[in-house]
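Student: Here is a sequence together with a model predicted from it:
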Amino acid sequence: AGQPSQDWCGMTVSFTLKAGGDPITGEVFTYDPATETLILIENKVGAHIASYRTLRVSAINLSSIQLSGTASPPEPLPPLTDSIMKRIREKEREAVDKERVRCSEQIGNGVSRDAQMLFLGLTKTMSCKWIAKDIVVDAARGDGGVRIAPPYTPDNVSGEHTELVTRVKKVLEGERAKLGA
């Protein structure tokens, strides 16, 4: 069968990898000669649900390739109409706005570098956001979560939920120790 080709689209291909293992079988979705990448459709269920496997041709044992079936060019993509482009731009704008809000909640305004580093450390294990100069953990809770006020020490942690306050204090102590604060 030789080197993979775009002419294989729609055909069933079976081969082994140079590293060994079980044979791989799938329908050729496409081949990209620029990146030497073969994309297979596997586990196809109906017209719109499938798994795709991407493989570098350099990993394929080319002498093991077996082809069957008839090649069929991929179905052309529908044209991008004005209404589709409008929906794409709206979704993009929504995503940008959402990311802008997320970022604004992640960067403290007028806080020290150490305060920002503590915040970033806390966000590794907890949901946090800035409200003015306070770090608020689990703000979505009905009780408002836990608030850490400047200078961001365990003594400045407050909240209604005692277990969460204790956990925040412990994590805050650990993050302060990492910073040498």
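Tutor: Looks like it arrived, so ask away. The structure presented is a predicted model; accordingly, all values stated were derived computationally and were not measured. Residues are numbered from 1 along each chain as shown.

Student: How about the secondary structure of residue 14?
Tutor: strand (DSSP: H, G, I helix; E, B strand; the rest coil).

Student: pull the longest helix from this protein.
Tutor: helix 82-106 (DSSP state H).

Student: packing partners for that helix?
Tutor: In terms of contacts (3 or more C-beta pairs under 8 Å, 6 or more residues apart in numbering; DSSP states H and E), helix 82-106 is packed against helix 113-123, strand 128-131. Glycine gets a C-beta too; all of them are placed from N, C-alpha and C.

Student: relative orientation of that helix and helix 113-123 in degrees?
Tutor: 120 degrees (axes from the mean of the first three to the mean of the last three C-alpha atoms, to 10 degrees).

Student: chain center to helix 82-106: distance?
Tutor: Here helix 82-106 is found 17 Å from its chain centre; the criterion is C-alpha atoms, centre = their mean, to the nearest Å.

Student: And stretch 115-123, by the same measure?
Tutor: For stretch 115-123, the distance to the chain centre is 22 Å (C-alpha atoms, centre = their mean).

Student: Can you give the contact residues for it?
Tutor: Residues from elsewhere that reach stretch 115-123 (C-beta atoms under 8 Å, 6 or more residues apart in numbering): 106-108, 111, 128, 130, 133, 135, 137, 150, 152, 168, 171-172, 174-176, 178-179, 181.

Student: Could you list which of those belong to strands?
Tutor: 128, 130, 135, 137 (DSSP state E).

Student: Got a PyMOL select line for the buried ones in the contacts of stretch 115-123?
Tutor: Command for PyMOL that selects the buried part of the contacts of stretch 115-123, burial taken from 16 or more other C-beta atoms under 10 Å:
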select buried, resi 108+111+128+130+135+137+152+168+171+172+175+176
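
Student: low-confidence ranges in this protein?
Tutor: Residues of the chain meeting the criterion pLDDT under 70: 1, 47, 74-75, 77, 142, 181.

Student: Distance to residue 102 added to the ones in strands among the contacts of stretch 115-123, as a markdown table?
Tutor: Listed next are the ones in strands among the contacts of stretch 115-123 as a markdown table, based on distance: C-beta to C-beta, whole Å:
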| residue | distance to residue 102 |
| --- | --- |
| 128 | 12 |
| 130 | 12 |
| 135 | 16 |
| 137 | 16 |
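
Student: Farthest-apart pair in these, please.
Tutor: 130 and 137 (11.2 Å; C-beta to C-beta).
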